[in-house]
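Undergrad: any chance you could fold what I've pasted below:
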Amino acid sequence: MLGKIGIWTFALDALPASHVAEAAAEIEELGYDTLWFGEGFGRDTVSQAWMTLSATKHMTVAAGIANIALRDPIAMATAERALNEAFPGRYLLGLGGHRVTDESIQMDGYSIPSRGNAVRSMTEYLSAMDAIPMNAPSAAAPPRRVLAALGPKMLALAAERTLGAHPYFVPVEHTHRAREIMGPDALLAVEQAVVLDYDLTRAREVAATHVGFYAQQAPHQAASLRRLGFDDADMSAPSRRMVDAIVAYGDAATIAKRVNAHLDAGADHVCLQVLTADQDRPPMVEWRELAHLTG
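TA: From the prediction side, this is the model:
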């Protein structure tokens, strides 16, 4: 369905629309089975999906994730139906909400309102999507969804109510735990951050910047790290131990080893988020060099 290896990226947001189409088409030509993209403060997830699906022929396009705090269930459900009708079997909707407390999230002066308890909020959101009447032509196949699940309860909900889980910013140990919680049949599509750089000192610096941002700025990721045995001392620096657990850096063989570790731990699919020191350029060079991992 998703293949073994995909690409996960925020880089498309920085590109003009015509260049997004070119990048998506090349990613497909390189042999990657799935293209995942995040939703932050660039394009909204629905527009990005239309652009990338229209530019490709066979590849799955996956929202990783669409934030439920930013979109009413009816808007999400009707967009999902339209995408699934127009591109049968090629769209995967990942849903998440970045919730570990009942408080709103403040980002650069912008407040994302709280929906309360994360699992309850997601359960209600899924039920609301399912309850919306179908006033459109039936698609060839039912919509496909996954949840951005990290904790045990959300992982269980993902297995119960959707195809499975899309964990982000996790080590191999989390993949082991997720598979145990969800059972053998649920889809487990894991994001893996990587730095393809033969200068290990430089690669580690890029990796540490990435890990430090999420550990210190994203409460849901900090909570996940604590469940995995990391503490405040690990997150404040961040520690070498935590950086090495979250990011695979070095040559392509090192990255391949981490991918295989996730697959051996129970992942069905691993999507690579390539990190570079220059965040203003899409990592097309690195995507090309890592394409042999799809073979």
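
Undergrad: only C-alpha atoms for contact and neighbour calcs from this point on.
TA: Will do.

Undergrad: and the strands in the stretch 101-250 of the chain?
TA: Under the criterion DSSP state E, counting those that start in this stretch, the stretch 101-250 of the chain contains strands at 105-107, 110-112, 145-147, 164-165, 187-196, 247-250.

Undergrad: what's the end-to-end length of stretch 283-294?
TA: Its start and end residues considered, stretch 283-294 measures 17 Å (Cα to Cα, to the nearest Å).

Undergrad: contacting residues around it?
TA: For stretch 283-294, contacts defined as Cα atoms under 8 Å, 6 or more residues apart in numbering pick out 4-5, 11, 23, 27, 30-32, 196, 252, 256, 274-276.

Undergrad: give me the buried positions along that stretch.
TA: Neighbour-count burial for stretch 283-294, counted by 16 or more other Cα atoms under 10 Å, picks out P283, E286, W287, L290, A291, L293.

Undergrad: one step back: which among the strands of the stretch 101-250 of the chain is found nearest to A77?
TA: Each of these was checked against A77 via Cα to Cα, and the shortest separation belongs to strand 145-147, namely 10.8 Å.

Undergrad: same for that closest one, what does it pack against?
TA: Using 3 or more Cα pairs under 8 Å, 6 or more residues apart in numbering; DSSP states H and E as the contact criterion, the secondary-structure elements in contact with strand 145-147 are strand 91-96, helix 152-161, strand 164-165.

Undergrad: tell me the most buried of the ones you listed?
TA: strand 164-165 (a mean of 27; mean count of other Cα atoms under 10 Å).

Undergrad: name the helices or strands packed onto it?
TA: Here strand 164-165 is seen to pack against strand 145-147, helix 152-161, strand 187-196 when contacts are counted using 3+ Cα pairs under 8 Å, 6+ apart.

Undergrad: now render the ones you listed as TSV, adding distance to D72.
TA: Converted to TSV, the helices and strands packed on strand 164-165 look like this (distance: least, Cα to Cα, whole Å):
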stretch	distance to D72
strand 145-147	16
helix 152-161	19
strand 187-196	25
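
Undergrad: these: which one's closest to E80?
TA: Minimum separation from E80 across the helices and strands packed on strand 164-165 (Cα to Cα) falls at strand 145-147, 9.4 Å.

Undergrad: quick one: contacts of that closest one?
TA: Contact partners of strand 145-147, identified using Cα under 8 Å, 6+ apart, comprise 92-96, 154-155, 158, 162-166.
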